[in-house]
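>>> Fold the following, please.
(one chain, ligands or ions: 2)
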Amino acid sequence: MNIKTKRFPLLPAITLIVLSTGLSAAEPIQPVRPVENIDPVLVELGKKLFFDPRLSKSGLISCNSCHNLSMGGTDNLKTSIGHGWRQGPINAPTVLNSSLNLAQFWDGRAADLQAQAGGPIANPGEMALTHELAVEVLASIPGYVTEFELAFGADGIDIDRITAAIAEFEKTLVTTNARFDQWLLGNKAALTDTELAGYTLFKDSGCIACHNGPAVGGNSFRKMGLVAPYQTTNPAEGRSAVTGKDADRFLFKVPTLRNVEMTYPYFHDGEAATLTAAVDIMGRLQLGKEFSEEEQAQIVAFLKTLTGDQPRFQLPILPPSSDHTPAPKPFD
Ligand code: HEC
Ligand code: HEC
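Ligands and ions are numbered 1, 2, ... in the order given. Alright, predicted model coming up:
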């Protein structure tokens, strides 16, 4: 008997087992996990601060003004509007799932959420307050004095405690249960054929080299315009502004693609108005690929399956100011 006919019938079965077990383990995207180990009292305080416009000079701008949690954690503007209607320099990334980022900001200049949160309060083009005044405002509000004491187990308000509370709240802004995650977890009916074709294209074309992990991005700095240069009038230089290295020019933090259908417009300059435009530009500039209209539609359909359950909570009611609270200065 020919030895080949004896052994080969087994091969397809073995290959199948290896492939099917190997495949699910090797998916380059993982589900977003619910947040663990958070301090609920600190979260409640941080939530109030996130929504409190008294952390701005005008008394009008809160974190939520530019990271609107009713709109995917963004302002849906090309670049944000800050104090005195100042035009912001760069597109506001979403705060959803930002705890999964390797660093914060497009150029990664803040190491983590707490380091980030002090920035906008004092930025003259954003909330335009000083950290001293932020502390003074909150310390003048009896409701906050009590809550800080409750959250930190000792009295006193300072900028570190303010930013720690905001960061703790932001950690809760993970969006689980996207249809794509349901599919990853074994519900094969969660995606349509078109969406699945989009995912296959996303993997096979090479998007996955930069957009991977639970956040489908957020975990590396990569060059914008890898294959062909990106044309923009926006002066942002990316990572080189932090490292001072010429080689890091035009490297940006790869944005998360979680909830990307809600976080338009796209790119650091906000110049791509639609997801279709962003996919087209990514294909050409990062991979040297021109997708057909059908392929673009498939990838866009896949990207829309990355929308997870949005944060749900009661709108916080903020403690009222006292007679000693410094007055806002909206028109200075
Ligand atoms: C005036 C609009 C505006 C306000 C107000 C504002 N932000 Fe932002 N935020 C931005 C912009 C624009 C960026 C991107 C800046 C950059 O990368 O250089 C950003 C970046 C961030 C990031 C980094 C996300 C990432 O993926 O890199 C976080 C987190 C964040 N903001 C949280 C906050 C918090 C917390 C507050 C309130 C204390 C706040 N923001 C207030 C506009 C704003
Ligand atoms: C070499 C790394 C790399 C590859 C490959 C890549 N991207 Fe990106 N992607 C980036 C970077 C970096 C940005 C941010 C660029 C900027 O804002 O200037 C980005 C931004 C995006 C955005 C906009 C997100 C936002 O919130 O602004 C989308 C959508 C996107 N990519 C989809 C894709 C798709 C689809 C593919 C495959 C066709 C792909 N990317 C391939 C690195 C990459």
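
>>> Hmm, residue 320 and residue 141 touching each other?
Yes: the pair residue 141 / residue 320 is scored as a contact, 7.3 Å apart, by CB atoms under 8 Å. C-beta coordinates here come from the backbone N, C-alpha and C atoms, glycine included.

>>> more crowded one of the two?
More crowded of residue 141 and residue 320, by other CB atoms under 10 Å: residue 141, with 21 against 9.

>>> The nearest residue to that one once chain neighbours are set aside and residue 91, how far apart?
In space, and not counting its chain neighbours, residue 141 is closest to residue 319: 5.3 Å by CB to CB, 6 or more residues apart in numbering. Noted for residue 319: a distance of 33 Å to residue 91, by CB to CB, to the nearest Å.

>>> In terms of packing, which of those two has more residues around it?
residue 91 (26 against 16).

>>> Would you state the helices of the stretch 1-150 of the chain in chain order?
Under the criterion DSSP state H, counting those that start in this stretch, helices of the stretch 1-150 of the chain are mapped to 3-7, 10-26, 40-51, 63-66, 113-122, 131-139, 142-152.

>>> for ligand 2, what are the nearby residues on this structure?
Residues of the chain lying close to ligand 2 by CB under 6 Å from any ligand atom are 202, 205-207, 209-211, 222, 224, 226, 252, 254-255, 257, 260, 263, 266-268, 278-279, 282-283, 286-287, 299.

>>> please redo it, this time with the cut-off set to 5 Å
207, 209-210, 222, 224, 226, 252, 254-255, 266-268, 278-279, 282-283, 286 (CB under 5 Å from any ligand atom).

>>> could you flag which of the residues you listed are buried?
207, 210, 222, 224, 226, 252, 254-255, 266-268, 278-279, 282-283, 286 (16 or more other CB atoms under 10 Å).

>>> ok, residue 167 - contacts?
By CB atoms under 8 Å, 6 or more residues apart in numbering, the contact set of residue 167 is 46, 112, 113, 114, 116, 117.

>>> the strands in the stretch 201-332 of the chain, which residues?
221-223, 251-253 (DSSP state E, counting those that start in this stretch).

>>> near ligand 1, anything from the last one?
No: applying CB under 5 Å from any ligand atom, one finds that strand 251-253 is not in contact with ligand 1, the shortest distance being 6.1 Å.

>>> How many residues are close by residue 128?
Close neighbours of residue 128, defined as other CB under 10 Å, add up to 21.

>>> ditto for the one 3 residues further on
Residues within reach of residue 131, counting by other CB under 10 Å, total 15.

>>> In contact with it, which residues are there?
Residue 131 sits in contact with 118, 121, 122, 159, where contact means CB under 8 Å, 6+ apart.

>>> Tell me the pLDDT of the residue nearest to residue 171 when sequence neighbours are not counted.
Of all residues not flanking residue 171 in the chain, residue 99 sits nearest, at 4.6 Å (CB to CB, 6+ apart). The model reports residue 99 with a pLDDT of 98.

>>> And for residue 320?
98.

>>> what's the answer for the one 10 residues further on, then?
At residue 330 the predicted local distance difference test score is 96.

>>> measure it to residue 150 for me?
31 Å.

>>> Could you do residue 285 as well?
51 Å.

>>> hang on, residue 166 packs against residue 117?
Yes: Residue 166 lies in contact with residue 117 (CB under 8 Å); the separation is 4.4 Å.

>>> Tell me which residue of the stretch 151-300 of the chain lies closest to ligand 1.
residue 166 (4.8 Å; CB to the nearest ligand atom).

>>> for that residue, what are its contacts?
46, 49, 50, 63, 113, 114, 117.

>>> Can you pick out the most distant pair from the contacts of residue 131?
The distance between the two most remote of the contacts of residue 131 (CB to CB) is 8.9 Å, for 122 and 159.

>>> anything in contact with each of those two?
With CB under 8 Å, 6+ apart, residue 122 and residue 159 have common neighbours 131, 134.

>>> got a winner among the contacts of residue 131 for most neighbours?
Counting neighbours by other CB under 10 Å, residue 121 leads the contacts of residue 131 with 24 neighbours.

>>> Run through the residues that contact that one.
55, 56, 127, 129, 131, 134, 162.

>>> Go through those and say which is closest to ligand 2.
residue 127 (22.7 Å).

>>> Give the full set of residues in contact with residue 308.
For residue 308, the contact set (CB under 8 Å, 6+ apart) comprises 32, 174, 175, 176, 177, 178, 181, 258, 259.

>>> The first one contacts residue 181, correct?
Yes: in terms of CB under 8 Å, residue 32 counts as a neighbour of residue 181; the distance is 6.4 Å.

>>> quick one on the thing from earlier: out of residue 285 and residue 150, which sits in the busier spot?
Per other CB under 10 Å, whichever of residue 285 and residue 150 has more neighbours is residue 285, with 18 against 12.

>>> re earlier: which one of the helices of the stretch 1-150 of the chain has the poorest average confidence?
For the helices of the stretch 1-150 of the chain, mean pLDDT drops lowest on helix 3-7, to a mean of 43.
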